[in-house]
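1. the following block contains a protein sequence and its predicted model.
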Amino acid sequence: MSKEFTFAIKSICFDEDYLPADNTRVTTNFANLARGKSRQENLRNTLRMIDNRFNALAHWDNPKGDRYTVKLEIISVEMNIDGESSGNALPLIEILKTNIVDQKTNERIEGIVGNNFSSYVRDYDFSVRLLEHGKNQSEFSTPDNFGDLHGKLFKCFVNSNTYKDHFNKPPVICLSVSSSKTYQRTENQHPVLGVEYQQDEYSLTDEYFKKMGLKVRYFMPPNSVAPLAFYFAGDLLGDYTNLELISTISTMDTFQKIYRPEIYNANSAAGKSYQPSLKHQDFSLTRIVYDREERSRLAIEQGRFVEEHFIKPYQSILEQWSANYAL
């Protein structure tokens, strides 16, 4: 008999008092900001940057640039395999939910779920499986069925009643563009998303997200210096309001300025033909402390963790479920 997977969602506010729970993935970007002696200043400055960016983009009927504030929730998704006790819930992914407070009308407007994307199984795929596969290859390739299980788990979650009970729209995930690809500016321009860029071939991340049922488009929002990659399931421009899109742009543009200042806090904007580089030297640092080297090391540790506690113990169940899984 095929196993059924069920999901549980936990939510915690990401504000200046945020403290990562003991079981939070320590490579999660927001957890990294919330540690150390600068944690509260880090969080306060990050949230202020997000609000400032939001108001700059939502400038209509907003003469003082202070009409809106963004409230963020960290959404943690756990998975249960039936027949297992709830004490054995497996941490699956963490995403962010944006909410917008209109301080003029005192209205709370639902934003977008997704934004940042953090996944134990993705850590395993990229930091364990891909690295080990690469040791024996003379040129780059991916292991067989790379990303298949992760993609099916993500689709299963998004199509679950648990997701639909909590969220009204499909997720939008917003990440950095790939430093291995070149992007060409197009004539297409959106009032909020900005100028669209395209590329000749997809990156490994693009292909990985495709297995999660997500398409990609690249836009450079007004007053940004590099395009962002937007991963979505339906119609990015048609399914979401301008305020919803601005909530994602302001949040992820801010995070990328902190995490990848060489690209997103560069002192000159992307041109018609653009290849991002983390070796770029002409950039400014934010006042927010972030340890990128530590994050890379922890990704490997957490990839090993999921291999030991999830992939290996449940291997036969996962293989059977994956083989039978169909939308």
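-> Great, that's in hand.
2. CA atoms for contacts and neighbours, from now on please.
-> Will do.
3. need the helix or strand of the protein with the lowest average pLDDT.
-> Taking mean pLDDT, DSSP states H and E as the measure, the helix or strand of the chain with the lowest value is helix 29-33, at a mean of 62.
4. ok, then the element right after it?
-> helix 39-57 (DSSP states H and E).
5. put the alpha carbons of that next one into PDB.
-> Taking Å, rounded to 0.1, in the frame of the first residue of the first chain, the C-alpha atoms of helix 39-57 are listed here in PDB:
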ATOM      1  CA  ARG A  39      21.300  40.500  16.100                       C
ATOM      2  CA  GLN A  40      18.700  43.100  17.100                       C
ATOM      3  CA  GLU A  41      20.400  45.900  15.100                       C
ATOM      4  CA  ASN A  42      20.600  43.500  12.100                       C
ATOM      5  CA  LEU A  43      16.900  42.700  12.300                       C
ATOM      6  CA  ARG A  44      15.900  46.400  12.800                       C
ATOM      7  CA  ASN A  45      18.000  47.600   9.900                       C
ATOM      8  CA  THR A  46      16.800  44.800   7.600                       C
ATOM      9  CA  LEU A  47      13.100  45.600   8.400                       C
ATOM     10  CA  ARG A  48      13.600  49.300   7.900                       C
ATOM     11  CA  MET A  49      15.300  48.600   4.500                       C
ATOM     12  CA  ILE A  50      12.300  46.500   3.500                       C
ATOM     13  CA  ASP A  51       9.800  49.200   4.500                       C
ATOM     14  CA  ASN A  52      11.700  51.900   2.700                       C
ATOM     15  CA  ARG A  53      12.000  49.900  -0.400                       C
ATOM     16  CA  PHE A  54       8.300  49.000  -0.300                       C
ATOM     17  CA  ASN A  55       7.200  52.700   0.000                       C
ATOM     18  CA  ALA A  56       9.600  53.800  -2.800                       C
ATOM     19  CA  LEU A  57       7.900  51.300  -5.100                       C
END
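6. can you pull the buried residues of it?
-> 39-43, 45-47, 49-57 (16 or more other C-alpha atoms under 10 Å).
7. please work out the average pLDDT along the helix or strand just after it.
-> Per DSSP H and E, the first helix or strand lying C-terminal to helix 39-57 is strand 68-81. Here strand 68-81 scores 92 as its mean pLDDT.
8. show me what strand 68-81 is packed against.
-> Judged by 3 or more C-alpha pairs under 8 Å, 6 or more residues apart in numbering; DSSP states H and E, strand 68-81 is in contact with strand 5-14, helix 39-57, strand 90-102.
9. show the end-to-end separation of stretch 144-164, please.
-> Stretch 144-164 has an end-to-end distance of 32 Å (C-alpha to C-alpha, to the nearest Å).
10. same check, this time on stretch 189-206
-> Termini of stretch 189-206 sit 22 Å apart (C-alpha to C-alpha).
11. which parts of that stretch are buried?
-> Residues of stretch 189-206 classed as buried: 189, 192-198, 206 (neighbour count, 16+ other C-alpha under 10 Å).
12. export those residues to a markdown table and tack on secondary structure and distance to Ser268?
-> Converted to a markdown table, the buried residues of stretch 189-206 look like this (DSSP: H, G, I helix; E, B strand; the rest coil; distance: C-alpha to C-alpha, whole Å):
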| residue | secondary structure | distance to Ser268 |
| --- | --- | --- |
| Gln189 | strand | 20 |
| Val192 | coil | 20 |
| Leu193 | coil | 19 |
| Gly194 | strand | 17 |
| Val195 | strand | 16 |
| Glu196 | strand | 18 |
| Tyr197 | strand | 17 |
| Gln198 | strand | 20 |
| Asp206 | helix | 26 |
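13. for those residues, which one is nearest Phe154?
-> Set against Phe154, the nearest of the buried residues of stretch 189-206 by C-alpha to C-alpha is Asp206 (14.9 Å).
14. and for the closest residue to that closest one other than its chain neighbours, the neighbour number?
-> In space, and not counting its chain neighbours, Asp206 is closest to Val216: 6.9 Å by C-alpha to C-alpha, 6 or more residues apart in numbering. Val216: 21 surrounding residues under other C-alpha atoms under 10 Å.
15. please name the bridge partners of Val216.
-> As for beta bridges, Val216 partners with Tyr231 under DSSP bridges.
16. and for Val101?
-> For Val101, the beta-bridge partners under DSSP bridges are Thr69, Arg108.
17. quick one: the helices in the stretch 101-250 of the chain?
-> Ranges of helices within the stretch 101-250 of the chain are 120-124, 130-134, 148-158, 161-166, 204-210, 236-239, 242-259, based on DSSP state H, counting those that start in this stretch.
18. out of the ones you listed, nearest to Ser322?
-> Closest approach to Ser322 among the helices of the stretch 101-250 of the chain (C-alpha to C-alpha): helix 148-158, 6.3 Å.
19. quick revisit: what's the least confident stretch among the helices of the stretch 101-250 of the chain?
-> helix 130-134 (a mean of 80).
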